[in-house]
Every structure is written in structure tokens, then in C-alpha cells.
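Q: Structure, please.
(chains A and B)
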Amino acid sequence: MSAVARPRRLEGGPDPDLVDVRAAQVDRAAFAVLYRRYLDRVYGYCFYLLGDHHDAEDVTERTFLAALAAIDRFRDQGAGFRSWLFRIAHNQVANALRSRGRRRTSPLESVAEPMASTDTADEIGRADEARRVRRALGKVSEDRRQVLVLRFVDGLSSQEIGAVLDRSPGAIRVLQHRALREMREILAAD
Amino acid sequence: MRRTPTVPERLDSAIEQLLGGLTPSIAAATGGFDAPGRSLLETADRVRVGLPLPPVAPRFEARLGARLASAASGDPVAWALRHPGRLIVTGAVGSAVGVGVTAYAVWRSTRRSSTGRFLHR
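A: Numbers count the residues shown, from 1 in each chain, chains lettered A, B, ... in the order given. Below is the predicted model of the structure:
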């Protein structure tokens, strides 16, 4: 697993990835830095949307190969490299879902636990809670699920999520509000 | 005049604080949320904790890393086709250097032969 720090973009500030992107545009071998920085985030996004480790690996691979092939065309137009990369991942996930003709391989709650071990009662409790949350996530609509995953798994801001999903930041905030209300109801009924 | 932030906007700011490390109750208090708002932030915290980053298989990470490294080293023709501007500049500079070297060689040989003729006189 990557231990490379992921820079966080301040609202309206410069893209912290830009130096590494410029390096990768000059020498494509430098793309390895961006790969190590974002592998786990992109994989997490694919995993929670596809609900399957193998599909997530497949789509993560396509995403990084497509990003490497297109890195010369990246221009910082405000949204930043992170949004650009997740937009590629979003398109690849959409293609995977379309081409396989189903919304998800298996229900999220049946997927192997992403936590490392379940040795203690505390960890078992956490694993149960994670299962409940994943089950609830599997019940919300796809656009709401996208927003929740990009926000809470990948840590993107509403502005960045807007760039990924091609919506305004205001629309993303409203979606996020509705998604959390729905999650609250589902979790309360569980 | 300053517009009052909407509930989704206030919630978004409170979530930003939650993701920055504040507890749901402090984030709710900072955002001025009432009981239903607080419960939304508690839900947000459950989602944050309940959706950890799944571990990436080391074998997959290594395989994809190797594939990207191989693609990055790439073939030069494909690189040139992706950068037609740089190809033209490289060609122009190469031609200019070639013309310069040829002109110098011609000039040198002309000078040598005229010097030789002068010495033979």
C-alpha cells in the first residue's frame, strides 16, 4: 500500500499536484509519483462503486493507463489533477457497469471485509458497523453513492466532486445533504 | 449584502471540519446545527469510519506499476506522433546544424585548395 502523502488542495489555491504533473509531462517515468500517491484512492473509489475487488483492479488499471496516455493533454483549468484523474476513473467505472450490463457484481455487504483483521471484540464491532454502512450505501441511488464515496473515501471537496461528475458545487452539496438524510434513515431502520 | 448560507452549504463546511479531525458534536456546534443537523453529522461520521480505504493487493500494485513503467518508457515513434511541434523543432535544428557543418566543410576545403595553389606557384 502506498505511503506517499496526498497533498490537499486549499479552496482556490494552486494545485499541489501540478509540479509532479509537469514533471510527468516532460518525463513520463515521473508519473510513478502520481501513481503511488493516488493508487489507493482510485482503487477505493472503484471498489465501493463496483463492489468487487477484481473489477476494481481492472478499472483501476484502465484508469491509470488512460491517465498516463493523456497526461500531456492535462491543463490546469481550476479543477486540478485530482478531479481530472477521478473523472477518468468515473468514466471507466461507467463503462464497466454499462458493458457488463449490471449495476454491481455483488451486493456491497457481501464483499470481503476491507479491514485488516477481526481479532478483538472492538474490531469485530467495527467490522459489523462497516458492513451496515456498506449495506446502506448499496441502497442509495448511484449519483448519491458517487458523492458519498468521493467525499468520505477519497476526501474530495464539493468543488472537485462537481468537476468529476460535471455538476455545480451547489448541486453536489444538495446531493450530499440528501444522501446523508437517506443514509440516516436506512441506518436507523437497520 | 451577505447571503445566509443554506443548510447544504453549512453541512458541507461542517463535513470539511469533520474530515479535518473534529468530532461530530464540535463540528455541529461550530456550524450552529440543531438536533436533526447533529444527527446528520453523526451519520456523516459513521459513513467516514464505515468506509475505510480497502487495501490494494501488493501483487496488483507491483504489476500495474511495472506496466505503467513499461508504457512510460514507450516507443519513440509514438512519442514523436504525440509531440508534432517538438518533432518539427528537432528537425529544423538538426537541418540547420547539418547545413552549417556542410557549409563549413566546403569553406575549409575551398580555402585549403586555394592555399595549395598559392604555394605551388
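
Q: Please tell me how far the residue lying closest to residue B:30 once chain neighbours are set aside sits from chain A.
A: Excluding the flanking residues, the one nearest residue B:30 by C-beta to C-beta, 6 or more residues apart in numbering or on different chains is residue B:17, at 6.2 Å. For the C-beta atoms, the positions are set from N, CA and C on the backbone; glycine is no exception. Per C-beta to the nearest C-beta, to the nearest Å, residue B:17 is found 13 Å from chain A.

Q: Please name the residues that touch residue B:17.
A: Under the criterion of C-beta atoms under 8 Å, 6 or more residues apart in numbering or on different chains, the neighbours of residue B:17 are B:26-27, B:30-31.

Q: could I get the residues you listed as a markdown table with secondary structure and pLDDT?
A: Output for the contacts of residue B:17, formatted as a markdown table (DSSP: H, G, I helix; E, B strand; the rest coil; pLDDT from 0 to 100):
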| residue | secondary structure | pLDDT |
| --- | --- | --- |
| B:26 | helix | 94 |
| B:27 | helix | 92 |
| B:30 | helix | 89 |
| B:31 | coil | 87 |
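
Q: Quick check: PyMOL command selecting the buried ones in those.
A: Buried residues among the contacts of residue B:17 (16 or more other C-beta atoms under 10 Å in any protein chain shown), as a PyMOL selection:
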select buried, chain B and resi 27+31
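
Q: helices and strands of chain A: which one has the lowest mean pLDDT?
A: helix A:121-137 (a mean of 89; mean pLDDT, DSSP states H and E).

Q: one step back: and the residue nearest to residue B:30, what helix or strand is that in?
A: helix B:7-19 (DSSP states H and E).

Q: cool, residue A:187 as well?
A: Per DSSP H and E, residue A:187 falls inside helix A:169-189.

Q: Point out the other helices and strands that that helix packs with.
A: For helix A:169-189, the packing partners by 3 or more C-beta pairs under 8 Å, 6 or more residues apart in numbering or on different chains; DSSP states H and E come out as helix A:121-137, helix A:142-148, helix A:158-165, helix B:7-19, helix B:35-50.

Q: Of those helices, which stretch is the most buried?
A: Neighbour counts (mean count of other C-beta atoms under 10 Å in any protein chain shown) averaged over each of the helices and strands packed on helix A:169-189 peak at helix A:158-165, with a mean of 22.

Q: Can you check what angle separates that one from helix A:169-189?
A: For helix A:158-165 against helix A:169-189, the angle by axes from the mean of the first three to the mean of the last three C-alpha atoms, to 10 degrees is 90 degrees.

Q: elements contacting helix A:158-165?
A: Helix A:158-165 packs on helix A:80-99, helix A:142-148, helix A:169-189, going by 3+ C-beta pairs under 8 Å, 6+ apart.

Q: Give me the mean pLDDT for it.
A: For helix A:158-165, the mean pLDDT works out to 96.

Q: and if you look at stretch A:50-57?
A: Per-residue scores along stretch A:50-57 average to 94.

Q: In that stretch, which residues are buried?
A: A:50-53, A:55-57.

Q: And for stretch A:179-188?
A: A:179-184, A:186-187.

Q: ok now it, how far from the chain's centre?
A: 20 Å (C-alpha atoms, centre = their mean, to the nearest Å).

Q: mind showing which ranges of the chain have poor pLDDT?
A: The chain I'm using is chain A. Flagging of chain A using pLDDT under 70 yields the residue ranges A:1-13, A:102-119.

Q: You answered for a different chain; I wanted chain B.
A: B:1, B:75-88, B:90, B:114-121.

Q: host element of the residue nearest to the spatial centre of chain B?
A: The centroid of chain B falls nearest to residue B:72 when counting by C-alpha atoms, centre = their mean (13.3 Å). For residue B:72, the element it lies in under DSSP H and E is helix B:58-73.

Q: Render the CA-only coordinates of that helix in PDB, please.
A: Coordinates of each C-alpha in helix B:58-73 appear next as PDB, following Å, rounded to 0.1, in the frame of the first residue of the first chain:
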ATOM      1  CA  PRO B  58       0.700  -5.700  -3.300                       C
ATOM      2  CA  ARG B  59       0.900  -8.100  -6.300                       C
ATOM      3  CA  PHE B  60      -1.600  -5.900  -8.200                       C
ATOM      4  CA  GLU B  61       0.300  -2.700  -7.200                       C
ATOM      5  CA  ALA B  62       3.600  -4.100  -8.400                       C
ATOM      6  CA  ARG B  63       2.100  -5.500 -11.700                       C
ATOM      7  CA  LEU B  64       0.400  -2.200 -12.600                       C
ATOM      8  CA  GLY B  65       3.500  -0.200 -11.600                       C
ATOM      9  CA  ALA B  66       5.600  -2.300 -13.900                       C
ATOM     10  CA  ARG B  67       3.000  -1.900 -16.700                       C
ATOM     11  CA  LEU B  68       3.000   1.800 -16.300                       C
ATOM     12  CA  ALA B  69       6.800   2.000 -16.300                       C
ATOM     13  CA  SER B  70       6.900   0.000 -19.500                       C
ATOM     14  CA  ALA B  71       4.300   2.200 -21.100                       C
ATOM     15  CA  ALA B  72       6.100   5.300 -19.900                       C
ATOM     16  CA  SER B  73       9.400   4.300 -21.500                       C
END
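
Q: Perfect, that will be all.
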